[in-house]
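Visitor: following is a predicted model, sequence given first.
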Amino acid sequence: MTTYILVIVGIAFLFDFINGFHDSANSIATVVGTRVLSPLAAVAWAAFFNFAAAFIVGTAVARTVGNGLIDVSVVTPNVVLGGLLGAIVWNLITWWFGLPSSSSHALIGGYAGAAVAKAGFSAIIVSGWTKTVVFIVVSPLIGMGAGWAFMVLFYQLFQHSSPYRVDAIFKRLQLVSAALFSLSHGANDAQKTMGIIVGLLVSSKAVLADGTGWMRHFYLENAEVVPYWVEIGAYTAISFGTLFGGWRIVHTMGSRITKLRPVGGCAAETGGSLAILIATTFGIPVSTTHTITGAIMGVGATTRLSAVRWGVAGRIVWAWVLTIPAAALMSALALRLLEAFHPL
């Protein structure tokens, strides 16, 4: 049984890798779209700051996911594995079609879908989901408002400068804003996987009795504890995923929503990262994809509303709307299959 738990932990880290792979566009699309960095340099830059978040931010989001969304008493290894499998399948589908859907919402939607399939809707902790659902709507709006505000501010500050000088300044500043956004991305997204693993370790302690030696320390008493090895493992996995990059989504985010210059890329990244870091501080699992997409739209709208390709934006919104129910359904089906072959 312990081997089964270890396999699920490995699959959780695999999801984190796919999360980084899928969401690399969030961190690098603007800096690639403005040609400040080459794609290879951009993913290396983003991966470094994804990992650096491990030493800067806390674990409030991990604790929310670990014990604030699903009643831990109904969580089993199959529930966790079913949730992960559903989220992975949905991430790969949206990656294939180049849609920047939210890996975060795929994960929590999958986790919820598997838990509901196991124990009914009583498994859901309503209070924990309220702020998450609110931020599904609010986070892209905050990103849009922040991107718009920073762009207006930059226009005011540099209205008398030549375009060449503005580009030269913001090509340097965008390195800083890209680093800040990558830091915020790692800080929020890696912690969601940590929370899932913590929920697994806490729930497994009650049903497993074969832990001996060092394995006695593998399981946890409560979901407030995030082991150091879980934290470092999650940040390592998401960083390597970012390093490999999801180029289909980079194209959508970097050039198809709106045309960006370095000043616009800097405004979008700065506004998006501040919104995400504030949410991370309060333990709210937000979508980095939603936030940066909203910020890019906000930047484009400062020029004129027609500068934003609203048709592309509409396809992205539909991917957002479908993510939680689609991942939940896939995870529920995965749980039924797991229970049929390996009941727990």
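Guide: Great, that's in hand. Numbers count the residues shown, from 1 in each chain.
Visitor: just the CA atoms of stretch 40-49, as PDB, please.
Guide: Extracted as PDB, the C-alpha positions of stretch 40-49 are listed here (Å, rounded to 0.1, in the frame of the first residue of the first chain):
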ATOM      1  CA  LEU A  40      15.100  29.500 -24.800                       C
ATOM      2  CA  ALA A  41      16.400  32.400 -22.600                       C
ATOM      3  CA  ALA A  42      12.900  33.300 -21.500                       C
ATOM      4  CA  VAL A  43      12.100  29.800 -20.300                       C
ATOM      5  CA  ALA A  44      15.400  29.500 -18.400                       C
ATOM      6  CA  TRP A  45      14.700  32.900 -16.800                       C
ATOM      7  CA  ALA A  46      11.200  31.900 -15.800                       C
ATOM      8  CA  ALA A  47      12.200  28.500 -14.500                       C
ATOM      9  CA  PHE A  48      14.800  30.000 -12.200                       C
ATOM     10  CA  PHE A  49      12.400  32.400 -10.600                       C
END
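Visitor: can you pull out the helices in the stretch 201-344 of the chain?
Guide: Applying DSSP state H, counting those that start in this stretch to the stretch 201-344 of the chain gives helices spanning 228-244, 247-251, 262-281, 288-303, 310-341.
Visitor: residues near Gln160, how many?
Guide: Quick fix: residue 160 reads His, not Gln. 6 (other Cβ atoms under 10 Å). For glycine as for every other residue, the C-beta is placed from the backbone atoms N, C-alpha and C.
Visitor: do Ala42 as well
Guide: 26.
Visitor: now do the helix or strand containing it and helix 228-244, the angle between them.
Guide: Using DSSP states H and E, the element containing Ala42 is helix 39-52. In terms of direction (axes from the mean of the first three to the mean of the last three Cα atoms, to 10 degrees), helix 39-52 departs from helix 228-244 by 170 degrees.
Visitor: for the helices of the stretch 201-344 of the chain, which one sits closest to Val61?
Guide: helix 262-281 (5.8 Å; Cβ to Cβ).
Visitor: in the closest one, which residues are buried?
Guide: 262-277, 279-280 (16 or more other Cβ atoms under 10 Å).
Visitor: tell me the contacts of the closest residue to Ala60 other than its chain neighbours?
Guide: Spatial nearest neighbour of Ala60, excluding adjacent residues (Cβ to Cβ, 6 or more residues apart in numbering): Gly283 at 3.3 Å. Neighbouring residues of Gly283 by Cβ atoms under 8 Å, 6 or more residues apart in numbering: Ala60, Val61, Arg63, Thr64, Gly68.
Visitor: how much space between the second one and Ser239?
Guide: Same thing as Val61. 17 Å (Cβ to Cβ, to the nearest Å).
Visitor: where does pLDDT dip in the stretch 1-150 of the chain?
Guide: 1, 24-27, 29-30, 33, 98-100 (pLDDT under 70).
Visitor: all helices of it, in order?
Guide: Under DSSP H, counting those that start in this stretch, the stretch 1-150 of the chain gives helices at 2-33, 39-52, 60-67, 77-96, 103-119, 126-157.
Visitor: distance between the ends of stretch 50-61?
Guide: 15 Å (Cα to Cα, to the nearest Å).
Visitor: returning to that earlier point: any idea how far Phe135 is from the residue nearest to Ala60?
Guide: Distance from Gly283 to Phe135, by Cβ to Cβ: 11 Å.
Visitor: on that earlier part again, between the contacts of Gly283, which has the most around it?
Guide: Among those, the one with the most neighbours (other Cβ under 10 Å) is Val61, at 27 neighbours.
Visitor: that residue and Gly195 touch, don't they?
Guide: Yes - counting by Cβ atoms under 8 Å, Val61 touches Gly195, with 6.9 Å between them.
Visitor: what is in contact with these two at once?
Guide: Pro285.
Visitor: point out where the stretch 151-300 of the chain drops to low pLDDT.
Guide: Judged by pLDDT under 70, the stretches of the stretch 151-300 of the chain that qualify are 206-224, 245-260.
Visitor: picking that back up, nearest to Val43 among the contacts of Gly283?
Guide: Nearest to Val43 among the contacts of Gly283, with distances taken as Cβ to Cβ, is Val61, at 23.5 Å.
Visitor: for the closest one, which non-adjacent residue is closest in space?
Guide: Gln191 (3.8 Å).
Visitor: before we move on, what about Phe135?
Guide: Closest residue to Phe135 apart from its sequence neighbours, by Cβ to Cβ, 6+ apart: Val286 at 4.9 Å.
Visitor: kindly report the same for Gly128.
Guide: Gly68 (3.7 Å).
Visitor: contacts only, for the one you found.
Guide: Ile125, Ser127, Gly128, Gly283.
Visitor: related to what we said a few turns ago, okay, the helices of the stretch 1-150 of the chain, which one's buried deepest?
Guide: Among the helices of the stretch 1-150 of the chain, the stretch with the highest mean neighbour count (mean count of other Cβ atoms under 10 Å) is helix 103-119, at a mean of 28.
Visitor: report the separation between Pro285 and Gly66.
Guide: Distance from Pro285 to Gly66, by Cβ to Cβ: 11 Å.
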